[in-house]
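*Asks:* Got a sequence here, can you build the structure:
(one chain, ligands or ions: 1)
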Amino acid sequence: MPSPDLPALIARARTATADADLATRAVPLLDLTSLRGDESSTEIEALCDRAERHGTAAVCIYRAHLALARKRLAGGTVRLATVANFPDGSDDLARAAEETAAAVAAGADEVDVVAPIQAIRDGDIGLVGELVEACREAAGARTTLKLILETGSLREPDLITAAARTAVMAGIDFLKTSTGKAAVGATLEAAALLLAVIEEAGGRVGFKAAGGIRTAADAAAYLALADAIMGPDWASPRTFRFGASSLLDDLLRVAGREEAIGTGGSY
Ligand SMILES: O=C[C@H](O)COP(=O)(O)O
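*Replies:* Residues are numbered from 1 along each chain as shown. This is a model prediction of the structure:
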């Protein structure tokens, strides 16, 4: 198959419009995220309740809150995600693996691990494969593993593509753009590079756009890009996620499902 004309697909994706159907499609793809670091127990419980009420794919929180969230989400369909080697993306494989194992022991269904950023910049792409393998061994086969490539810091397209290909070969489940902690978060350009690698791999790996995605219009552009590169039926909670702390508000507004403020009630 000829390689897709990514600049043309990005330009077209930017013109995608966000309507109620789009917003309704995006909600179940959301990893509802809170990674500030100062969350109270009440906030974590409210986040879990909100995720369940609206049917998001997952909540993504720090490991310290997993036990509480596990209890709150018991019996529901919302998955529990956390982060490891986060946000710095060290090249300490033992640390990444230990944090991954601890996350699974605390109840995580999904672990988003930051890639070794400086090693990639230095051209040591092989370390990406070693990190994925170490974290996979620590996590076991049933845990969903996502690799955060912090594409806004890597910047260089060839490095992003090489690291993504290596991660896919090592058995990663999802490629994720960003931690949300760097100056530059998700971009359509970086998304296109990762989606192109996923397309090369036959679509068996998922994609997560994260970092600075706040509006339904943003979501529309990323979904349009995924539809264009992967085909319109590819994106589902098993293959496509948004990682975002504030996107849900705008999705609910555009979907016409605004929450009643202060009542704790449904939309
Ligand atoms: O993994 C998700 C990101 O940390 C969320 O970033 P955000 O707060 O910019 O939405």
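*Asks:* Could I get the full set of strands for the protein?
*Replies:* In order along the chain, the chain carries the following strands (DSSP state E): 30-34, 58-61, 79-84, 110-114, 144-148, 174-176, 206-210, 240-244.
*Asks:* a markdown table for these, including mean pLDDT and mean neighbour count?
*Replies:* Where C-beta positions appear, they are placed from N, C-alpha and C, glycine not excepted. What follows is the strands of the chain, written out as a markdown table (pLDDT from 0 to 100; neighbours: other Cβ atoms under 10 Å):
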| stretch | mean pLDDT | mean neighbour count |
| --- | --- | --- |
| strand 30-34 | 98 | 24 |
| strand 58-61 | 98 | 28 |
| strand 79-84 | 98 | 25 |
| strand 110-114 | 98 | 28 |
| strand 144-148 | 98 | 25 |
| strand 174-176 | 98 | 27 |
| strand 206-210 | 98 | 27 |
| strand 240-244 | 98 | 28 |
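*Asks:* can you put the ones you listed in a markdown table and add distance to the ligand?
*Replies:* Converted to a markdown table, the strands of the chain look like this (distance: least, Cβ to the nearest ligand atom, whole Å):
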| stretch | distance to the ligand |
| --- | --- |
| strand 30-34 | 4 |
| strand 58-61 | 6 |
| strand 79-84 | 7 |
| strand 110-114 | 6 |
| strand 144-148 | 7 |
| strand 174-176 | 7 |
| strand 206-210 | 4 |
| strand 240-244 | 3 |
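*Asks:* Pipe these into TSV and attach distance to residue 97 per row.
*Replies:* Conversion of the strands of the chain to TSV gives the following (distance: least, Cβ to Cβ, whole Å):
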stretch	distance to residue 97
strand 30-34	22
strand 58-61	20
strand 79-84	8
strand 110-114	9
strand 144-148	11
strand 174-176	18
strand 206-210	21
strand 240-244	22
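*Asks:* Without its sequence neighbours, what residue ends up closest to the residue in the chain that the ligand sits nearest to?
*Replies:* Residue nearest to the ligand within the chain: residue 180 (2.6 Å; Cβ to the nearest ligand atom). Here the nearest residue to residue 180 in space, its sequence neighbours aside, is residue 211; by Cβ to Cβ, 6 or more residues apart in numbering that works out to 4.3 Å.
*Asks:* I'd say that neighbour and residue 183 touch.
*Replies:* No. Between residue 211 and residue 183 there is no contact, the gap being 10.0 Å when judged by Cβ atoms under 8 Å.
*Asks:* what do the two both touch?
*Replies:* residue 152 (Cβ atoms under 8 Å, 6 or more residues apart in numbering).
*Asks:* neighbour-wise, which of those two wins?
*Replies:* Per other Cβ atoms under 10 Å, whichever of residue 211 and residue 183 has more neighbours is residue 211, with 26 against 8.
*Asks:* which ones are touching that one?
*Replies:* 152, 177, 178, 179, 180, 181, 182, 184, 185, 186, 243.
*Asks:* before we move on, what about residue 135?
*Replies:* The neighbourhood of residue 135, defined by Cβ under 8 Å, 6+ apart, consists of 84, 96, 97, 100, 111, 113, 145.
*Asks:* Repeat the analysis, applying 6 Å as the threshold.
*Replies:* If a contact means Cβ atoms under 6 Å, 6 or more residues apart in numbering, then residue 135 has 96, 97, 100, 113, 145 as its contacts.
*Asks:* What distance do you get for the closest residue to residue 184 other than its chain neighbours to residue 210?
*Replies:* With Cβ to Cβ, 6+ apart as the criterion, residue 184 has its nearest non-adjacent residue at 2.8 Å, and that residue is residue 152. Between residue 152 and residue 210 the distance is 11 Å, computed by Cβ to Cβ, to the nearest Å.
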